[in-house]
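Undergrad: Would you be able to build a 3D model of this:
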Amino acid sequence: MPQSKLASTIAIAIALAAALAAVPALSQTSGGEDSGSWFKNLLRYGGLTVPPAAPRPSDEVYCPSVGVVEGGAAMQAYSGGRTGDANALRHQLSIAQVARECTGQEDGSILVKVGIEGRALIGPAGSAGRFDSPVTFVIKRGDRILASKTQRVAVAVPAGDTQASFVAIENGLVVPPGTSEYEIEVGLVPGAGKGTAAHPKRRVPRG
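TA: Residues are numbered from 1 along each chain as shown. Next comes the predicted model:
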């Protein structure tokens, strides 16, 4: 998908964030035919609905589930330097759901598309407004980083509301030809996964 079209799609999703708070919880089934998940449809098709005769990615390539790097599941902001004090929490951005698709290329490489659906929550010491966070997408094999990209996401919580949703999608991750196994990680931190040590990961629901 061209970057301009991707940016437009994400902008539309963010603009709908206030309405999403009233939508029932997203489907978390792992089957490939869950056309009711708007998040999964956005990742796969670039829109909220399933188009007719949409091409399916190859099922033959290795495509591991997505992990969240240690310390990257959420980003909090506190008032008065009172880090960890729930009463001083201004806002929190967190990863609620992840999805990925892997497509084999003619040269033997694998094109990986990764998306996250996240939540913004206003804390006791905070107020509605616009918040942002870096999101890093990492492809690695052991301690070796194969691909890593970081983008910033922004979400607006309207006055009178306490939460909103946001979406981030990265479709430019390439696994080199001849790579038998690899890991996919995401995190709400800049440059996640660029160190040499392997980090423990936790799994989040995927679309």
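Undergrad: From residue 93, how far off is the residue nearest to residue 150 when sequence neighbours are not counted?
TA: With sequence-adjacent residues excluded and distances taken as CB to CB, 6 or more residues apart in numbering, residue 150 is closest to residue 136, at 4.4 Å. All C-beta atoms are positioned from the backbone trio N, CA, C, and that covers glycine. According to CB to CB, to the nearest Å, residue 136 and residue 93 sit 14 Å apart.
Undergrad: same question, residue 69
TA: According to CB to CB, residue 69 stands 15 Å off from residue 93.
Undergrad: now do residue 147
TA: Using CB to CB, we find residue 147 at a distance of 24 Å from residue 93.
Undergrad: the more surrounded of the two?
TA: A direct count of neighbours by other CB atoms under 10 Å for residue 147 and residue 93 places residue 93 higher, at 22 against 18.
Undergrad: mind listing what that one touches?
TA: Shown in contact with residue 93 (CB atoms under 8 Å, 6 or more residues apart in numbering): 74-75, 118-121, 131, 133, 155, 166, 188.
Undergrad: now residue 189
TA: The contact partners of residue 189, taken as CB under 8 Å, 6+ apart, are 69, 71-72, 75, 134, 136.
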